[in-house]
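# when you get a sec, could you give me coordinates for this:
(one chain, ligands or ions: 1)
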Amino acid sequence: MASGPLGALEAIFGRNKEEHPEPLRAEVTGEIPSWMEGILLRNGPGMHTIGESKYNHWFDGMALLHSFTIKNGEVFYRSKYLRSDTYNCNIEANRIVVSEFGTMAYPDPCKNIFAKAFCYLSHTIPEFTDNCLINIMRNGEDIYATSEVNFIRKINPQTLETLEKVDYTKYVAINLATSHPHYDSAGNVLNMGTSIVDKGKTKYVIFKIPSAAPEVMCTIPSRSLLHPSYYHSFGMSENYIIFVEQPFKLDILKMATAYIRGVNWASCLIFHKDDKTWIHLIDKRTKKVTSTKFYTDAMVLFHHVNAYEEDDHVVFDVISYTDNSLYQMFYLKNLDSNFENNVKLAAIPTCKRFVLPLQCDKVVKFDILTKKRIHWEEEHCWPAEPIFVPSPNTKEEDDGRRHDSSVTGEAGIILSAIVTSEPEKLPFLLILDAKTFKEIARATVNVELHLDLHGCFIPQKDLKTEHEGDLDKELE
Ligand SMILES: [Fe+2]
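Reported below is the predicted structural model:
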């Protein structure tokens, strides 16, 4: 056994861990509150060497489940390798025969159930591993080990036994999925995945797992067919799902040829430092992406921290990096005695807060005396500067002059040219009651209206008399 810093790192990252399937009583010092009872379930890589073969990356190791059961102030520990098809194949072959993200494996096509893996040569999307090593997911009373692909494995939370394999693709067309789902107040699971080049489209899919089976809630087209963004998690507030489409992208063509080129899939993830990071908000109530898009500079993020809504804004926090060096750091070859230097070379994590306005581009009337406001808005509509036209029978404010009478006159009018972001929806001139902000009329025009800046309204009585009648002539 090696000693010193190198030995310690090898022990933490590289050395295969023994499993302890039977409960081991832990020695407790201090006192655990009597209400604190249950099982802490954890997941992560525990085996990086199989026979003579070794994984390249720490995130590739065989999933080792472990648990701390807390009961009557006592703690019991156990651990068990996930008996995935991948694990069983590897152990039977006594070498790595199934590819993981950072390690490409070349199995004997005749000798294992992963013969389908040879579809790599003819299909874009490979048959992925079921070595679900990243997280634990709850779905009602059912517990699953998860990773970032279409397979999840049900487990027994008490014994850590491996149960059935669930394939998301039987319910929703996705190839990748996050291992950081969210849960709604009813206990449903909300997760996101990427559907790669399915029926000529690449898209991000938000799906819900009610008790029966996963179902699609909303889809977001990928900005690029062959370069979808990689994402490890997404955000959720009370009414919105926050998806950050970062310029850290999967190159599908590189991935399709990785097997023949003899490189791992991780090498197909590329950070485009000059691209933008796009932020999408999905309204959980309408199950639609909001029409307003937000973007920021290029960044890499893995984990969302928090998200909430306040004063018509969505606020969310993420841990972001300036590049992808974090993933590179966990290649086992970098987890050596130079580890501390390697860590220094990696991008520094930064906690970033984004505050996105939910109510932009609408027409708002704000009363500075009462601090009350009223507004007009419509989906896909981008109002231009509102112009107030006083009523000729002015009696009070919003009729056209300062409020000095209780007599109500005819209301003034607000005019605004509306450009729409929905191709099927025609632009129009919006005509609002200035007092109530209720729509009085709209005049739709079948032209490509541009989003204008400023202007003014000239009443008929102020027009030069020689201009009168010009319109009638033109329309003749
Ligand atoms: Fe994570």
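# show me what the helix or strand hosting residue 341 packs onto, helices and strands only.
Assigned by DSSP states H and E, residue 341 falls within helix 339-345. Under the contact criterion of 3 or more C-beta pairs under 8 Å, 6 or more residues apart in numbering; DSSP states H and E, helix 339-345 touches helix 325-329. Glycine gets a C-beta too; all of them are placed from N, C-alpha and C.
# residues of the helix it packs on that come out buried?
Residues 325, 327, 329 are the ones in helix 325-329 that count as buried (16 or more other C-beta atoms under 10 Å).
# columns distance to residue 471 and pLDDT on top of these, output as TSV?
Shown next, in TSV, are these (distance: C-beta to C-beta, whole Å; pLDDT from 0 to 100):
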residue	distance to residue 471	pLDDT
325	66	89
327	66	86
329	71	84
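# could you dump the residues you listed to a markdown table with distance to residue 15?
What follows is the buried residues of helix 325-329, written out as a markdown table (distance: C-beta to C-beta, whole Å):
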| residue | distance to residue 15 |
| --- | --- |
| 325 | 25 |
| 327 | 22 |
| 329 | 19 |
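# which other residues reach the helix holding residue 341?
Under the criterion C-beta atoms under 8 Å, 6 or more residues apart in numbering, residues 5, 9, 325, 329, 334 lie in contact with helix 339-345.
# and what of stretch 431-445?
363, 365, 374-376, 386, 388, 398-399, 411-416, 418, 426-430.
# at 6 Å instead, please
Here stretch 431-445 makes contact (C-beta atoms under 6 Å, 6 or more residues apart in numbering) with 365, 374, 376, 398, 411, 412, 413, 414, 426, 428, 429, 430.
# Throw the residues you listed into a markdown table and include distance to residue 94, neighbour count and pLDDT, thanks.
Listed next are these as a markdown table, based on distance: C-beta to C-beta, whole Å; neighbours: other C-beta atoms under 10 Å; pLDDT from 0 to 100:
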| residue | distance to residue 94 | neighbour count | pLDDT |
| --- | --- | --- | --- |
| 365 | 75 | 18 | 77 |
| 374 | 73 | 13 | 85 |
| 376 | 70 | 21 | 89 |
| 398 | 83 | 23 | 66 |
| 411 | 84 | 22 | 80 |
| 412 | 84 | 22 | 89 |
| 413 | 82 | 20 | 92 |
| 414 | 77 | 23 | 93 |
| 426 | 68 | 15 | 93 |
| 428 | 71 | 19 | 95 |
| 429 | 76 | 15 | 95 |
| 430 | 73 | 22 | 94 |
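# now, the residues you listed that are in strands?
Secondary structure assignment (DSSP state E) places 365, 374, 376, 413, 414, 428, 429, 430 from the contacts of stretch 431-445 within strands.
# so which of the contacts of helix 339-345 comes closest to residue 455?
The shortest approach to residue 455 among the contacts of helix 339-345 belongs to residue 325, at 51.4 Å (C-beta to C-beta).
# which ones are touching the closest one?
346, 347.
# now do it against residue 180, distance only.
Distance of residue 325 to residue 180, computed by C-beta to C-beta, to the nearest Å: 21 Å.
# below-threshold pLDDT in the stretch 301-450 of the chain: ranges please.
Along the stretch 301-450 of the chain, the parts satisfying pLDDT under 70 run over 360, 395-409.
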